[in-house]
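Participant: sequence unavailable; structure follows:
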């Protein structure tokens, strides 16, 4: 494995770039050497520093020039770099198009930064990550299906916040009980909002789901807390219970 992996980070979310840079600051192997927030500048930076770039981490949704255009231009220039797509774009067409350019990994936002670190290290070691890619996307799909079954409407902000919260808790064993102190601030940073607004949006989404979801599924998952004469589960109870349910479901699949 290389003693130092120099990364070009391409994303128009400056808060996300800062979060990733702060996480890898002082890392023994991984170094965020370059960053680009505008797609128009991406190829220029790569051409200028290509001999010092080992890995590109990029979103597909960039201002000026999107990720697919950049990948196509690099291919035409004969520039080949290890690439991780880190994107909130879940459209099958976009994922299929990106796969045509031999990317190493497609990671959906929201993501767990420890998982990103693992993927980078695996690429540095030359290991295959195809199985991990399928597992990660499978969790994302399972969360989406579960929330739809529970009647959480996908067009409101709370839906995305809940989805990210469940994913973060599913992947971080030490986060249980840290929703207020860890998850809310993290999501607030990603969406340029406040923790209190995240909390209220999640609460609203849960309240809406209680009037339109699958009652039998709610009773199966939440037990007596689904009794309409009693209080609905708190945000923490809702997120932690669903994360635990997913872990049980995935363990049964693996077994």
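Facilitator: Here it is on my side, so go on. Just so you know, these numbers come straight off a predicted model, no measurement behind them. Residues are numbered from 1 along each chain as shown.

Participant: tell me the buried residues in the strand or helix carrying residue 33?
Facilitator: Assigned by DSSP states H and E, residue 33 belongs to strand 30-36. For strand 30-36, burial by neighbour count (16 or more other Cβ atoms under 10 Å) applies to 30-36. From N, CA and C alone the C-beta is placed, and that goes for glycine too.

Participant: do stretch 202-221 as well
Facilitator: In stretch 202-221, counting by 16+ other Cβ under 10 Å, buried: 202, 205-206, 208-210, 213, 218, 221.

Participant: repeat that for stretch 76-90.
Facilitator: Buried positions in stretch 76-90, judged by neighbour count with 16+ other Cβ under 10 Å: 82-87, 89.

Participant: off-centre distance for the helix or strand encompassing residue 244?
Facilitator: Following DSSP H and E, one finds residue 244 within helix 235-254. For helix 235-254, the separation from the chain centroid amounts to 17 Å (computed by Cα atoms, centre = their mean, to the nearest Å).

Participant: what's the answer for stretch 101-117, then?
Facilitator: The mean C-alpha position of stretch 101-117 is separated from the chain mean by 7 Å, Cα atoms, centre = their mean.

Participant: coming back round to it: return the item of the buried residues of stretch 202-221 having minimum pLDDT.
Facilitator: Of all those, residue 213 carries the smallest pLDDT score, 73.

Participant: wait, it touches residue 153, no?
Facilitator: No. Counting by Cβ atoms under 8 Å, residue 213 stays clear of residue 153, with 10.2 Å between them.

Participant: so where's the chain uncertain?
Facilitator: Within the chain, the stretches with pLDDT under 70 are 1-3, 90-96, 126-137, 172-178, 224-231, 250-255.

Participant: please enumerate the strands of it.
Facilitator: Secondary structure of the chain (DSSP state E): strands at 5-10, 30-36, 55-58, 82-87, 105-108.

Participant: with distance to residue 20 as extra columns, can I get those in CSV?
Facilitator: Listed next are these as CSV, based on distance: least, Cβ to Cβ, whole Å:
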stretch, distance to residue 20
strand 5-10, 6
strand 30-36, 6
strand 55-58, 8
strand 82-87, 9
strand 105-108, 12
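
Participant: so how far is residue 104 from residue 119?
Facilitator: 8 Å (Cβ to Cβ, to the nearest Å).

Participant: who has more neighbours out of these two?
Facilitator: residue 119 (23 against 19; other Cβ atoms under 10 Å).

Participant: tell me how far the closest residue to the more buried one other than its chain neighbours lies from residue 121.
Facilitator: Closest residue to residue 119 apart from its sequence neighbours, by Cβ to Cβ, 6 or more residues apart in numbering: residue 105 at 5.2 Å. Relative to residue 121, residue 105 is positioned 12 Å away (criterion: Cβ to Cβ).

Participant: so residue 77 versus residue 202, what's the distance?
Facilitator: Residue 77 is 45 Å from residue 202, where distance means Cβ to Cβ.

Participant: OK, contacts around residue 7?
Facilitator: Residues near residue 7 by Cβ atoms under 8 Å, 6 or more residues apart in numbering: 24, 30-34, 53-57, 120.

Participant: where do the helices of the stretch 51-200 of the chain begin and end?
Facilitator: Ranges of helices within the stretch 51-200 of the chain are 67-77, 92-99, 113-125, 130-149, 157-171, 184-190, 195-212, based on DSSP state H, counting those that start in this stretch.

Participant: of the ones you listed, which stretch is the most buried?
Facilitator: Comparing the helices of the stretch 51-200 of the chain by mean neighbour count (mean count of other Cβ atoms under 10 Å), helix 157-171 comes out on top with a mean of 23.
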